[in-house]
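J.: quick check, what structure comes out for this input:
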Amino acid sequence: MASSTTRHIYGFHAVLARLRQSPDSVLEVHVAAARSDARARDLIAQAERCGVKVTPSDVDRLQRLVGTHHHQGVVARIDGRRRELKLADVLETLTEPALLLVLDGVTDPHNLGACLRVADGAGAHAVIAPKDRSAGLNATAVKVASGAADHVPYVTVTNLARSLREMQEAGVWVLGAAGDAARSLYEVAQTGPTAWVLGAEGQGLRRLTRETCDELVRIPMHGSVDSLNVSVASGVCLFEARRQRAAAAP
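T.: Below you'll find the predicted structure:
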């Protein structure tokens, strides 16, 4: 049972990410007793390596813990006090090419929550934002995220340009979304490690952010409006990366 200082997260991606990034915050893992497939075995092995108790549970108990059937047969009880994640925590634990969403100057918590939800849907590994001039992960953002705030790491950084360079040094190709860019996102390869950088609607990317990106790329617009809400634009960019990766898969 969760207390005021603990909470539950669920799903393989969320639980594995927590075990890899912050194993000391995982208090217990519940796995559906009926699951004996390779994915479940790998998760159990990871939990045991971290010294985390694994409890076989029936699906009804899992649903009671998290209030949904969409738990994939795995629920973790974690320390509910938020730990400040570092960018290196994310980059060092990836098991596939990075897919990151970077928000530059997004100050509306509704937009942040929607971006977290989009990032979760696209399987992004983290959302990164500067500590200043950005929305915090407050109750509004968490509510709008509809559970994604527990699934997608939200990393705040002191210096965004420096963090973009850290990504580049780790082999991540940094793409900035800009309406005046020469090439469209459909012309740019995104099958390797990729970070998409988006600014607030109407303001776009700051000068230093633009200059730090490896390439500026535009979303083709075919109607009367010249820009999209940042969460919608994030979805277009991240899902195009996923489309390209699926098309290139053997």
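J.: show me what the longest helix along the chain is packed against.
T.: Using DSSP state H to define each element, the chain has its longest helix at helix 230-248. Applying 3 or more C-beta pairs under 8 Å, 6 or more residues apart in numbering; DSSP states H and E, we find helix 230-248 packed against strand 99-104, helix 109-122, strand 173-177, strand 194-199. In this view, the C-beta of every residue, glycine as well, is placed from N, C-alpha and C.
J.: neighbouring contacts of the second one?
T.: This means helix 109-122. 99, 101, 103, 106, 126-127, 129, 134-138, 140-149, 151-152, 154, 200, 229-231, 234-235, 238-239, 241-242 (C-beta atoms under 8 Å, 6 or more residues apart in numbering).
J.: off-centre distance for stretch 174-184?
T.: 22 Å (C-alpha atoms, centre = their mean, to the nearest Å).
J.: that one - what's its average pLDDT?
T.: For stretch 174-184, mean pLDDT is 95.
J.: and the contacts of that stretch?
T.: Residues outside stretch 174-184 that contact it (C-beta under 8 Å, 6+ apart): 102, 164, 167-168, 185, 188, 190, 194-199, 204-205, 209-210, 212-221, 226-227, 233, 237.
J.: could you identify the helix or strand that succeeds the worst-scoring helix or strand of the chain on mean pLDDT?
T.: None of the helices or strands of the chain scores lower by mean pLDDT, DSSP states H and E than helix 139-145, at a mean of 77. Next helix or strand after helix 139-145 toward the C-terminus (DSSP states H and E): strand 154-157.
J.: dump the C-alpha coordinates for that next one into PDB.
T.: The C-alpha atoms that make up strand 154-157 are tabulated as PDB, following Å, rounded to 0.1, in the frame of the first residue of the first chain:
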ATOM      1  CA  TYR A 154      11.800  15.400 -16.900                       C
ATOM      2  CA  VAL A 155      15.300  16.900 -16.600                       C
ATOM      3  CA  THR A 156      15.900  20.600 -15.800                       C
ATOM      4  CA  VAL A 157      19.300  22.000 -16.600                       C
END
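J.: list the helices and strands it packs on?
T.: helix 87-91, strand 126-130.
J.: now do it: distance to the chain's middle.
T.: 11 Å.
J.: next one: stretch 87-101
T.: In this view, stretch 87-101 has its centroid 9 Å away from the chain centroid, taken as C-alpha atoms, centre = their mean.
J.: ditto for stretch 41-59
T.: For stretch 41-59, the distance to the chain centre is 23 Å (C-alpha atoms, centre = their mean).
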